[in-house]
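J.: pasting a predicted model and its sequence here:
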Amino acid sequence: MDVHCWKRFIDIFSLGGEPMTRWNISQIAFYGLDHRKRTIDLKLDEVSILTGRSGTGKSAIIACIDYCLGSKSCELPDYVRRRTIGVAVHWKKDGVDLIVGREVPDSGIGTDKMFGQLGRSLSLPESFNELGGPAPRASVRKVLERAFGIADLEDFDAEEKSTVGKASIRHVTPYLFLTADVIISNKTLLHDLNDPDKARDIRATMPYFLQAIDQKTVLNQRKLRRLEITLAKAERVSRSREKSRSLFSDRAGALIAQSANLGMTVQRGPDIGEQQLLNTLREISLFDVRKPSDAADDELSKLEKERKSFIRLASETREHRNALRELVRESSGFETTVSSQFEKLNLVRHLNLDTELCPVCQQASGIGHQMSKEMAHSLSLIESEVAAVRQVGPELLEQLERSENELMTLNENVREVEGKIRKVIQQNESLQHADDLAQARSMQLGRVVQFLETTVEDFEQTEVDLENLQDEIDYLRDLVDPQAIRDRIAFAENMVSNYATEMLQKLPSTAPLTDARLQFFSDGRLRIIESQRQRSLSLVEVGSDQNYLAIHLALLFALHKHFEDVVAPVPGLLVIDQISRPYYPKDQNADDEKSLQDISKDDDRRSMRQIIDFIFKQTEMSSGLQILLIEHAYIEQDPRYRNATTERWTRDNGLKLIPEDWAERA
């Protein structure tokens, strides 16, 4: 591959260049066994209509598009899954083609294997096996995000990868699908906002898709929140540490004074520093307690030697344990860093550079092969480092556990020996009187050692640089500028609200929606302001399926109008599932498509025509907006409707999405 070909390959994936029109879908393909293929053709920048009776597979169209946008689950109906092995969607934008395919599982959740190709003059193959660019789902999702313009900023904090606010390809679907469960809903405003697992991310990324903020600001906001939490925690720890230090000085001073009274050290002044207090206590802990009495001297001497031995071993074991703790922490951090580098370098394998063919022009070239060899060498080195760390890690943990157990045993031994000493002293009255001083010293020694064990370890922890942390927070606050962000978000909300209110007047509605204002908020809320009484109503208070249909249509078209204005990274696609829902009797048999005459009321027929006129006019006024209308109704009287109908599945022609003669999986 020559240098110019490599540059062309990179330019296709880059986000730079002049703004172009929006992404549309030209074809949707379903692949069956025996090289069978079913293609749905859509009109670019226009309205496409798919009509048909119930049970023909219309609902699978939205599920197919969503699945090829990297959905975790496959929601294709069982009839389709049993007869297809794969699906693909062909996107187009200004002469650039993007083909995304995916295997269809017979049952269960979706597969992780996807296919992605980005280039020019591409077309859907006749067989699913001919799809190029096989890659994991995460990699193809990255290709989609780059193609659609969703910013791809590096963020090396692995723990923050799933943090709310980072936009992905999965967050554009609320603006692409007006599904059956939403189009006349009195509670759900956008697709997937009724799913608690998805709603939080959708709301958090709305300001980004409205272009009120960019991804860099999102990441800075996220980092700012994390640092603010860290600072608050560090301040609490600092206050607690200051309190502990005050208590430390008091308790350490008291122990030293008591030890001085017993002749174990000299009295210190009141202004002695913390480190001097600590050093004095350590000296006291090494004091040799001697017995003045000869009674039971041999036994006590033996016990005292045994106690000192245990104390010395406990001190050495404690140092060894602390060193192991530090090694385990450093090993874990090193493994995380090296594994992250390995995963990033491993992405190069998906480019298939070792074939010595250019991924774009398919011409022979050694550049990709040489790059692949160098990457493979780096991968080998990092893989060996990861393996070494993973081998050592469990051994370190095992050693740490043994050290902890050994320390517990030694401390128990010290307490046991001290108990024996007390018993020997108590059993001999003369020794007890003679050794009052030694006993007091021994007990004092135990208190000093215990204080050092329980207090000093926490006292000597490394302090967080609060001043430096505050400086970093102040810097990020200047970058983020919360007030400016709030102003930009409010501006975007008002633009969408103005568009939606204007469009609402062109749609059929009844009170309290007539002449009302729609106020949209970027957290997924909507308020309806009555025209006369100026009451603010929630969605559920409006009532009437026709009103809910008007609200959802006005809002989605308003959002796409704003997306067009600000060149947002959202495809110019809106799939609408049945605008005729409010106008046909709910108990009416839907075995075949419906005509305008099947609507019983004249007002409802006029409303239906008004909605159709609205959709065609709004699409015509937009640049790059593609509408796919899925319907039971076929409005033969409207020539625009007839010309826009690309698929018509009726009882008479027997057509459906997947032909009945397609073979089923074994």
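T.: Noted; the coordinates are in hand.
J.: mind showing which ranges of the stretch 51-200 of the chain have poor pLDDT?
T.: 151-165 (pLDDT under 70).
J.: strands along this structure, start to end?
T.: Listed in chain order, the strands of the chain (DSSP state E) span 24-31, 37-41, 47-52, 86-93, 96-103, 113-120, 134-136, 177-178, 517-520, 526-529, 536-537, 573-577, 626-631, 645-649.
J.: make a markdown table out of these and add distance to residue 220 and mean neighbour count.
T.: Backbone N, C-alpha and C define where each C-beta goes, glycine included. Formatted as a markdown table, the strands of the chain follow (distance: least, C-beta to C-beta, whole Å; neighbours: other C-beta atoms under 10 Å):
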| stretch | distance to residue 220 | mean neighbour count |
| --- | --- | --- |
| strand 24-31 | 33 | 22 |
| strand 37-41 | 43 | 16 |
| strand 47-52 | 41 | 24 |
| strand 86-93 | 30 | 22 |
| strand 96-103 | 30 | 23 |
| strand 113-120 | 30 | 20 |
| strand 134-136 | 29 | 16 |
| strand 177-178 | 31 | 25 |
| strand 517-520 | 26 | 21 |
| strand 526-529 | 29 | 18 |
| strand 536-537 | 34 | 14 |
| strand 573-577 | 31 | 23 |
| strand 626-631 | 35 | 24 |
| strand 645-649 | 45 | 17 |
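J.: mind pulling up the pLDDT for residue 283?
T.: Looking at residue 283, its pLDDT stands at 84.
J.: repeat that for residue 518.
T.: 96.
J.: hang on, the earlier thing: so which of the strands of the chain is nearest residue 299?
T.: Of all those, strand 134-136 sits nearest to residue 299, with 72.9 Å by C-beta to C-beta.
J.: who does that closest one pair up with?
T.: Here strand 134-136 has these sheet partners by DSSP bridges: strand 113-120 (antiparallel).
J.: among the strands of the chain, which is nearest residue 405?
T.: Here strand 134-136 is closest among the strands of the chain (C-beta to C-beta), at 43.5 Å.
J.: where do the domain boundaries of the chain fall?
T.: 225-280+439-480, 293-434 (automatic domain parsing).
J.: among those domains, which gets the worst mean confidence?
T.: domain 293-434 (a mean of 70).
J.: what's the burial count for the closest residue to residue 531 other than its chain neighbours?
T.: Once flanking residues are discounted, residue 531 sits nearest to residue 515: 3.8 Å by C-beta to C-beta, 6 or more residues apart in numbering. Residue 515: 13 surrounding residues under other C-beta atoms under 10 Å.
J.: isn't residue 515 right up against residue 533?
T.: No - checked against C-beta atoms under 8 Å, the pair residue 515 and residue 533 is beyond contact range at 11.6 Å.
J.: hang on, the earlier thing: I'd like to know how far the residue nearest to residue 531 sits from residue 212.
T.: 28 Å (C-beta to C-beta, to the nearest Å).
J.: then residue 634?
T.: Taking C-beta to C-beta, one finds residue 634 at 41 Å from residue 212.
J.: and residue 501, by the same measure?
T.: Using C-beta to C-beta, one gets 19 Å for the distance from residue 501 to residue 212.
J.: same question for residue 303.
T.: Counting by C-beta to C-beta, the gap from residue 303 to residue 212 is 76 Å.
J.: and if you look at residue 552?
T.: For residue 552, the distance to residue 212 - C-beta to C-beta - is 22 Å.
J.: before we move on, what about residue 546?
T.: From residue 546 to residue 212 the distance is 32 Å (C-beta to C-beta).
J.: residue 485 too?
T.: 7 Å.
J.: which one of these two has more residues nearby?
T.: residue 212 (21 against 15).
J.: so who does that one touch?
T.: Contact analysis of residue 212 by C-beta atoms under 8 Å, 6 or more residues apart in numbering lists 485, 488, 489, 491, 492, 522.
J.: nearest to residue 174 among those?
T.: So of the contacts of residue 212, ranked by how close each gets to residue 174 (C-beta to C-beta), first place is residue 522, at 12.3 Å.
J.: so what's the closest residue to the closest one other than its chain neighbours up against?
T.: In this structure, residue 522 finds its nearest non-sequential neighbour in residue 206, 4.4 Å apart by C-beta to C-beta, 6+ apart. Going by C-beta under 8 Å, 6+ apart, residue 206 touches 522, 523, 524.
J.: what's near enough to touch the residue lying closest to the second one once chain neighbours are set aside?
T.: This points to residue 523. Once flanking residues are discounted, residue 523 sits nearest to residue 203: 5.0 Å by C-beta to C-beta, 6+ apart. Counting by C-beta under 8 Å, 6+ apart, residue 203 makes contact with 193, 522, 523, 524.
J.: repeat the analysis, applying 10 Å as the threshold.
T.: 164, 165, 171, 174, 190, 193, 521, 522, 523, 524, 525 (C-beta atoms under 10 Å, 6 or more residues apart in numbering).
J.: neighbours of the last one, how many?
T.: Number of residues near residue 525 (other C-beta under 10 Å) recorded here: 14.
J.: from residue 400, how far out is it?
T.: From residue 525 to residue 400 the distance is 52 Å (C-beta to C-beta).
J.: ok, now the third one?
T.: In this structure, residue 171 and residue 400 are 43 Å apart, going by C-beta to C-beta.
J.: out of those two, which sits in the busier spot?
T.: Legend: neighbour count by other C-beta under 10 Å for residue 171 and residue 400, higher for residue 171 (22 against 17).
J.: return the residues in contact with the more buried one.
T.: 145, 150, 192, 198, 201-206, 208-209, 570 are the contacts of residue 171 under C-beta under 10 Å, 6+ apart.
J.: identify the residues contacting residue 192.
T.: 66, 170-171, 173-174, 177, 179, 181-182, 198-199, 201-202.
J.: okay if I get those residues as JSON lines plus distance to residue 103?
T.: Converted to JSON lines, the contacts of residue 192 look like this (distance: C-beta to C-beta, whole Å):
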{"residue": "66", "distance to residue 103": "15"}
{"residue": "170", "distance to residue 103": "19"}
{"residue": "171", "distance to residue 103": "24"}
{"residue": "173", "distance to residue 103": "20"}
{"residue": "174", "distance to residue 103": "26"}
{"residue": "177", "distance to residue 103": "22"}
{"residue": "179", "distance to residue 103": "24"}
{"residue": "181", "distance to residue 103": "27"}
{"residue": "182", "distance to residue 103": "28"}
{"residue": "198", "distance to residue 103": "23"}
{"residue": "199", "distance to residue 103": "29"}
{"residue": "201", "distance to residue 103": "26"}
{"residue": "202", "distance to residue 103": "27"}
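J.: give me the buried entries from the residues you listed.
T.: 66, 170, 171, 173, 174, 177, 179, 182, 198, 199, 201, 202 (16 or more other C-beta atoms under 10 Å).
J.: where does stretch 491-502 sit relative to the chain's centre, distance-wise?
T.: 29 Å (C-alpha atoms, centre = their mean, to the nearest Å).
J.: with just CA atoms, put it into CSV.
T.: As requested, the backbone C-alpha atoms of stretch 491-502 are provided in CSV (Å, rounded to 0.1, in the frame of the first residue of the first chain):
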residue,chain,number,x,y,z
PHE,A,491,-30.4,28.1,24.3
ALA,A,492,-30.6,24.6,22.7
GLU,A,493,-33.7,23.8,24.8
ASN,A,494,-35.4,27.0,23.7
MET,A,495,-34.6,26.3,20.0
VAL,A,496,-36.1,22.8,20.1
SER,A,497,-39.1,24.2,22.1
ASN,A,498,-39.7,26.9,19.5
TYR,A,499,-39.5,24.5,16.6
ALA,A,500,-41.8,22.0,18.3
THR,A,501,-44.4,24.6,19.2
GLU,A,502,-44.4,25.9,15.6
